[in-house]
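here's my sequence, what's the structure:
(4 chains)
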Amino acid sequence: MAEFLSLHDAVARYVEDGATLAMEGFTHLIPFAAGHEVIRQRKRDLTLIRMTPDLLYDQMIGAGCAKRLIFSWGGNPGVGSLHRLRDAVEKGYPYPVEIFEHSHAAMACAFEAGAAGLPLAVLRGYVGSDLPKVNSQIKFIECPFSGERLAAVPSIRPDVGIVHAQRADRRGNVLVEGIVGVQKEVVLAAGRSIVTVEEVVDDLAAGPNACVIPAWAIDAISVTKHGAYPSYAHGYYPRDNAFYKAWDAIARDRDAFDVWLQDNVFTQGDDT
Amino acid sequence: MAEFLSLHDAVARYVEDGATLAMEGFTHLIPFAAGHEVIRQRKRDLTLIRMTPDLLYDQMIGAGCAKRLIFSWGGNPGVGSLHRLRDAVEKGYPYPVEIFEHSHAAMACAFEAGAAGLPLAVLRGYVGSDLPKVNSQIKFIECPFSGERLAAVPSIRPDVGIVHAQRADRRGNVLVEGIVGVQKEVVLAAGRSIVTVEEVVDDLAAGPNACVIPAWAIDAISVTKHGAYPSYAHGYYPRDNAFYKAWDAIARDRDAFDVWLQDNVFTQGDDT
Amino acid sequence: MSDRYTAAEMMTVTASRALSNGSTCFVGIGLPSEAANLARLTHAPEVVLIYESGTLQTKPDVLPLSIGDGELCETALTTVSVPEMFRYWLQGGHVDVGFLGTAQIDRYCNLNTTLIGDYREPKVRLPGGGGAPEIATNAREVFITVKHSTRTFVEAVDFVTTVGFGRDGTARDGVPNIGRGPTRVITDLCVMKPDAETKDLVVISLHPGVTREQVREATGWEIRFAEVLESTPEPDDNELTILRELKARTDRHHAGGQAADQTDRGSKA
Amino acid sequence: MSDRYTAAEMMTVTASRALSNGSTCFVGIGLPSEAANLARLTHAPEVVLIYESGTLQTKPDVLPLSIGDGELCETALTTVSVPEMFRYWLQGGHVDVGFLGTAQIDRYCNLNTTLIGDYREPKVRLPGGGGAPEIATNAREVFITVKHSTRTFVEAVDFVTTVGFGRDGTARDGVPNIGRGPTRVITDLCVMKPDAETKDLVVISLHPGVTREQVREATGWEIRFAEVLESTPEPDDNELTILRELKARTDRHHAGGQAADQTDRGSKA
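Below is the predicted model of the structure:
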């Protein structure tokens, strides 16, 4: 049952060193504030899972939180590379990061299967691709009815799932609206879930089939205004495209990144 | 791309003798009018698929349209048995009907897999049940990651899928609202799809994540007011519970059924 | 027996008390639905009710006639597709209690809702499994409520639609990712629980005024009784009042629920 | 070359013309997105554009910077979850054309967007597969648009992220339920198609003013030319006007899209 906690307390309680952590948001509702809290609390040896490890995971990897990354597209959308990720993968700085690389279809299916409590996802995928040669998680099975060869990947069932959403009601039910990505799947697939929200309202004002996650499927809710910034929250604020562009220069240089981290993460936050 | 057709023409064009036909609506939005059109056109040897073959399939089976039934719960909800179905299964009247019986979970997953273009659905199901002993469609596979034994059933990919929905816009995009059941899955899984709707509107007035089926995923739309009656259409009319209760006596008796069929199906419809 | 309440009311109230506040319950239609909603309207206002039609956390004002009445959707927190319901919410592990009825039950709580007789030559064809086979294995535990009679409580079910503990009580042993199975059977005569070891049903509590003999006569096998046999607590006045109001509301609603001009149409398109 | 349009404009207009009205197109970000939206704003108003973020039938007024810009959702018919997008809409067989870019491509249209060098010791790490591996196999056919250079058009891709026809042109042979694969590659110099038999790329059309030599020099293998080599039709004024307006609108939007008070915050929670 969802408990309203400060972001500090939610991360302190549920994110342990060595945990498997999925932080999702498909270009929208990316839980940046929560990621910065993970950095501030100097969590280490995390297995980070995310379809699109963009700036958020670049920052967390650069800050030394990760030992492993499971992903399907790692870039700064519309801008270029993730330099902190590349530095970790190519040069082992600040720590080596092991990667398990998928396609989007496989990861989307793996989140779906995780939410469905299954150990595997089956898809018509990876035909002719070299990815199965470099990712031991990708296998193939034969359909017992048609004989067709289909790809299978382990479902994603992280220790902790963190997403951002627009709003919660006072009982802790959460509305996600717009590009909903895999937000619901992450919360349902995770052992523990934290949802940061823009605000708390009396009434979610949701349609009959809206994407609402009930309070009893969530562990902690942290009211975190602008918690997805510099990504966006549909109906609240737009994406700060300028920051995404500016990130390229910050992340290219180890020292510039450290200064940014000091000024924008370590000296921020509402420690309680 | 959706074409607006009369119900007569839609059924005449797409439902062939011997076809596999799924008509869905989970207690809500059951396409009764379309089923009556199938009866009027005296379609034969159909393989009928439906999770809950309630009054609609009792009528179609009693009228002699079916040779096979794939289902997971066959009853008159809150009332009792389906007497026409029982007469066909137990006494072969008017024709013998072969049954393939599943659980709801398996059929829901089979529709999902059908919509996803897969040949099979995998679920944690049928543990300890006798259903796999009497339904050759149910198999078991071993998860290549966990070793767990999981159930597998063929996906449902009918020749024709028919559902009812609240409304279409003038381009043929359809909104389904309330208890959405497997309406979207049926349309996407079927080779051809017919959607009957209460009305056509300028603007669907749907929320950003509403259950909207695009016109290009539908073959025919038939504007059919009260097309789900005596089931209901959320926002349009309630379920006629009295008719569901009255059905018991009609269906118990072969002659009473024939009279009902004559009066309410064969002498109705808007032949064009 | 009491003149304050009927045996059916005793059963419903006892079944409702089994549900704890805040638990998540996947509700079968009929008796389970009645008991679950009574729980919500009395001691367990925060019980979360889920119906297989996709309605999550629903709070119907009247009891549904079918599993997918509009009332369930209108009063739900949200309504999801049926595949999502079975995949994410049931199989995904979010259901504490599956609350089921049945047509037949045996000593190992195996349930039959498929047919009486032989599968290929049925004497009576019943509706089938519906959601029950996977509710019984994917919910953390299962409550069963059903009227007590030898027609229902049989030595051996004709068909295992939904597993309790199998024909020999061991069907769940060593199976990964499976719920505890039935933990309580509530009838109009008594409350039973599976023996912790052997898994066969044991009467743990008799309803007021009910004798062991009555239970024996209504059970198709040599039913066991607990060494310390409790007396089931009686319904209190508040429970009875709320239950009767709920049923009266329900009857009024389903009798008058449809437009008058539709009652004799039956099929007009 | 013309002074009426640039080589980049020639490429975009040619790519846009490949999309037919009413077809359903799964759109990659960058050049494919530009071409697909130009098609929608010119000859193919009924083209259905799908982005992997879940936005179905979207009609953005400006080009998205990321695959999930709010603009895509706001102008979409509806927006579904990402698992639904890949399972029901792509794998379910509702996509006519997958429109992709790439970092490397070989003669058999295999695409590499993973890395340059060896997988374990990369010289350059690229973003990875994203949606492309399954777009390329589950869409009915695939169009590829990319700038022509020896850096991109290589003898052998360092990694097959996304299959065209495999290392020997036979990867699709006998594979059930697979699309036709790449049917057209559009660059700033020419249009190529796979040979019907061998599947290796053949130049079928040179853009106005482009020579065979230029194409040969920009291609990392001995590229073939069709016996009858067409000249690609030039962009018309309407297409150029609409393309330029679209790009100007896009630049204005993305420059001024965020609130001024947020531009230097970068991370504040």
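
quick one, what contacts residue 179?
Answering for chain A, as no chain was given. Contacts for A:Ile179 (Cβ atoms under 8 Å, 6 or more residues apart in numbering or on different chains) come out as A:26-29, A:234, D:53-55, D:68, D:70, D:72-73, D:79. Glycine gets a C-beta too; all of them are placed from N, C-alpha and C.

right idea, wrong chain: chain C
C:Gly98, C:Ala136, C:Thr137, C:Asn138, C:Ala139, C:Arg140, C:Glu141, C:Val142.

in strands only, show me those.
Those of those mapping onto strands are C:Gly98, C:Glu141, C:Val142, per DSSP state E.

and the end-to-end length of stretch C:117-131?
For stretch C:117-131, the separation between the terminal residues is 22 Å (Cα to Cα, to the nearest Å).

other residues contacting that stretch?
Here stretch C:117-131 makes contact (Cβ under 8 Å, 6+ apart) with B:52, B:71-75, B:81, B:85-86, B:89-90, B:101-105, B:129-131, B:134, C:26, C:28, C:52, C:86, C:90, C:103, C:112-116, C:158-159, C:161-162.

go with 6 Å
Residues from elsewhere that reach stretch C:117-131 (Cβ atoms under 6 Å, 6 or more residues apart in numbering or on different chains): B:73-75, B:86, B:89, B:101, B:103-104, B:134, C:52, C:103, C:113-116, C:161.

what's the answer for stretch A:140-157, then?
A:49, A:106, A:110-111, A:113-114, A:118-126, A:137-139, A:189, B:119-120, B:139, B:144-145, B:152, B:154, D:176.

tell me the buried residues within those.
Buried by 16 or more other Cβ atoms under 10 Å in any protein chain shown: A:49, A:106, A:110-111, A:113-114, A:118-126, A:137-139, A:189, B:119-120, B:139, B:152, B:154, out of the contacts of stretch A:140-157.

helices - which of the residues you listed land there?
A:Ala106, A:Ala110, A:Phe111, A:Ala113, A:Gly114, A:Ala189 (DSSP state H).

of all those, which comes closest to chain D?
Chain D lies nearest to A:Phe111 out of those, by Cβ to the nearest Cβ, at 6.2 Å.

tell me which element the closest residue to A:Gly74 other than its chain neighbours is part of?
Closest residue to A:Gly74 apart from its sequence neighbours, by Cβ to Cβ, 6 or more residues apart in numbering or on different chains: A:Pro53 at 4.7 Å. Following DSSP states H and E, there is no helix or strand that holds A:Pro53.

A:Pro53 and A:Trp73 touch, don't they?
No. Under the criterion of Cβ atoms under 6 Å, A:Pro53 lies out of contact with A:Trp73, with a separation of 8.0 Å.

which parts of chain A are helices?
A:7-14, A:32-40, A:55-62, A:83-91, A:104-115, A:131-134, A:183-189, A:241-252, A:254-261.

by how many degrees do the helix ranked longest in chain C and helix B:241-252 diverge?
Scanning chain C for the helix with the most residues, using DSSP H, yields helix C:237-256. What separates the directions of helix C:237-256 and helix B:241-252 is an angle of 70 degrees, with axes from the mean of the first three to the mean of the last three Cα atoms, to 10 degrees.

buried residues in helix C:237-256?
Buried residues in helix C:237-256, counted by 16+ other Cβ under 10 Å: C:Glu239, C:Leu240, C:Ile242, C:Leu243, C:Leu246, C:Lys247, C:Thr250, C:His253, C:His254.

swap in stretch C:14-26?
Residues of stretch C:14-26 classed as buried: C:Thr14, C:Ala15, C:Ser16, C:Arg17, C:Ala18, C:Leu19, C:Ser23, C:Thr24, C:Cys25, C:Phe26 (neighbour count, 16+ other Cβ under 10 Å).

now secondary structure, pLDDT and distance to C:Arg167 too, for the residues you listed, in JSON lines please.
Putting the buried residues of stretch C:14-26 into JSON lines (DSSP: H, G, I helix; E, B strand; the rest coil; pLDDT from 0 to 100; distance: Cβ to Cβ, whole Å) gives the following:
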{"residue": "C:Thr14", "secondary structure": "helix", "pLDDT": "98", "distance to C:Arg167": "28"}
{"residue": "C:Ala15", "secondary structure": "helix", "pLDDT": "98", "distance to C:Arg167": "26"}
{"residue": "C:Ser16", "secondary structure": "helix", "pLDDT": "98", "distance to C:Arg167": "31"}
{"residue": "C:Arg17", "secondary structure": "helix", "pLDDT": "98", "distance to C:Arg167": "31"}
{"residue": "C:Ala18", "secondary structure": "helix", "pLDDT": "98", "distance to C:Arg167": "26"}
{"residue": "C:Leu19", "secondary structure": "coil", "pLDDT": "98", "distance to C:Arg167": "29"}
{"residue": "C:Ser23", "secondary structure": "coil", "pLDDT": "97", "distance to C:Arg167": "30"}
{"residue": "C:Thr24", "secondary structure": "strand", "pLDDT": "98", "distance to C:Arg167": "30"}
{"residue": "C:Cys25", "secondary structure": "strand", "pLDDT": "98", "distance to C:Arg167": "28"}
{"residue": "C:Phe26", "secondary structure": "strand", "pLDDT": "98", "distance to C:Arg167": "25"}
